[in-house]
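Novice: need a structure here:
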Amino acid sequence: MLEEVEHWLKQRSWSAADRPLDQLLAAKGAAGARGTVSVVLPALDEEATVGAIVATIRRELMAGPVPLVDELVVMDSGSTDRTAAVA
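Specialist: Residues are numbered from 1 along each chain as shown. Predicted structure coming up:
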């Protein structure tokens with residue numbers, strides 16, 4: 001991997017353990033109108049699982065007591081099953 005790419009990734013990558021939920025909510029609140037959080041879920045032939053994933057994100061992170069996510073987008077990449085309909 002190119003050194004500059006490795007550096008870029010190191011500066012911009014983190015795990016969920018690095019950002020506790022209360023810290024994320026505080027950062028979102030401090031950002032005001034600029035603090036929109038979007039989740040983009042890429043999908044290809046995920047009819048069997050996409051519905052549960054979407055439902056969990058909506059229930060736990062959009063409509064629930066922790067309103068972290070403002071927008072949820074499922075990007076269907078030409079699925080041949082009912083991924084888009086289920087999502």
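Novice: what about residue 50, how many neighbours?
Specialist: Look at residue 50: counted by other Cβ atoms under 10 Å, it has 22 neighbours. All C-beta spots, glycine's among them, are computed from the backbone N, C-alpha and C.
Novice: which ones are touching it?
Specialist: When contacts are counted by Cβ atoms under 8 Å, 6 or more residues apart in numbering, residue 50 touches 41, 43, 74, 83, 86-87.
Novice: at 10 Å instead, please
Specialist: By Cβ atoms under 10 Å, 6 or more residues apart in numbering, the contact set of residue 50 is 41, 43, 74, 76, 79, 81-87.
Novice: of those, buried ones?
Specialist: Under a neighbour-count criterion of 16 or more other Cβ atoms under 10 Å, the subset of the contacts of residue 50 counted as buried comprises 43, 74, 76, 79, 83, 86-87.
Novice: wasn't residue 24 part of a strand?
Specialist: No. When DSSP: H, G, I helix; E, B strand; the rest coil is applied, residue 24 is found to be helix, with no strand at that position.
Novice: which residue ranges of the chain form strands?
Specialist: Ranges of strands in the chain, per DSSP state E, are 38-43, 71-76.
Novice: can you give me the angle the last one makes with strand 38-43?
Specialist: Just to be clear, that refers to strand 71-76. What separates the directions of strand 71-76 and strand 38-43 is an angle of 20 degrees, with axes from the mean of the first three to the mean of the last three Cα atoms, to 10 degrees.
Novice: show me how far the helix-or-strand element of the chain with minimal mean pLDDT is from its chain's centre.
Specialist: Of all the helices and strands that make up the chain, the one with the lowest confidence by mean pLDDT, DSSP states H and E is helix 21-31; it has a mean of 90. In terms of Cα atoms, centre = their mean, to the nearest Å, the centre of helix 21-31 is set 15 Å apart from its chain centre.
Novice: quick one: contacts of that helix?
Specialist: Residues from elsewhere that reach helix 21-31 (Cβ under 10 Å, 6+ apart): 16, 19-20, 34-37, 61, 66-70.
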